[in-house]
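J.: The following block contains a protein sequence and its predicted model.
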Amino acid sequence: MWKLKLSEGNCKNDPWLTSLNNHIGRQFWEFDPNLGTPEERQQVNKLRNDFTENRFLTKHSSDLLMRLQFAKENACEMKQLPQVKVKDDEEISDEQVVSTTLRRALRFYSSLQAEDGFWPGDYGGPLFLLPGL
């Protein structure tokens, strides 16, 4: 199973790789065939097959493997906050609607955040702006 490794300075003994900060902040994928449960390995294979089938429709990978890993590591309960549906012509006047939507958004993005504070992975749209905000 593939696992995303983050912020590890583990290239000290390799003479061909040099870095001024010991590769801190580096992200790389590591493969271990015995990692995870059989159900998790089956889910990873399903995500890989879905990407292979849709790679010409969706140009980036959407980081589905990373999202699966982070959902397990950074579990947050989204069901506690109800999803708010607003119609196109509806005026939002309730503060509770806005605060619920913002809380859901913060929970979602915090589940994608790495332990050292940044959002790793493939470019998936406006997410590249988020660390600056």
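T.: Good, I have the coordinates.

J.: Next, the buried residues of the host helix or strand of S110.
T.: Counting by DSSP states H and E, the element that carries S110 is helix 95-111. Buried residues in helix 95-111, counting neighbours by 16 or more other CB atoms under 10 Å, are found at R104. (Glycine included, C-beta is placed from N, CA and C.)

J.: list the helices and strands that helix packs on?
T.: Contacting helix 95-111 under the criterion 3 or more CB pairs under 8 Å, 6 or more residues apart in numbering; DSSP states H and E is no other helix or strand.

J.: how about the helices in the protein?
T.: Taking DSSP state H, the helices of the chain run over residues 38-54, 64-73, 95-111.

J.: To M1, which of those lies closest?
T.: Distances from M1 to each of those were compared using CB to CB; the shortest belongs to helix 38-54, at 5.2 Å.

J.: How many neighbouring residues does the closest residue to V44 other than its chain neighbours have?
T.: Take V44 and drop its neighbours on the chain: the residue closest to it by CB to CB, 6 or more residues apart in numbering is M1, 5.4 Å away. By other CB atoms under 10 Å, the residues close to M1 number 18.

J.: Would you confirm that Q27 contacts W119?
T.: No. In terms of CB atoms under 8 Å, Q27 does not count as a neighbour of W119; the distance is 10.7 Å.

J.: hmm, back to that, of all the helices of the chain, which one is nearest D88?
T.: Closest approach to D88 among these (CB to CB): helix 95-111, 15.2 Å.
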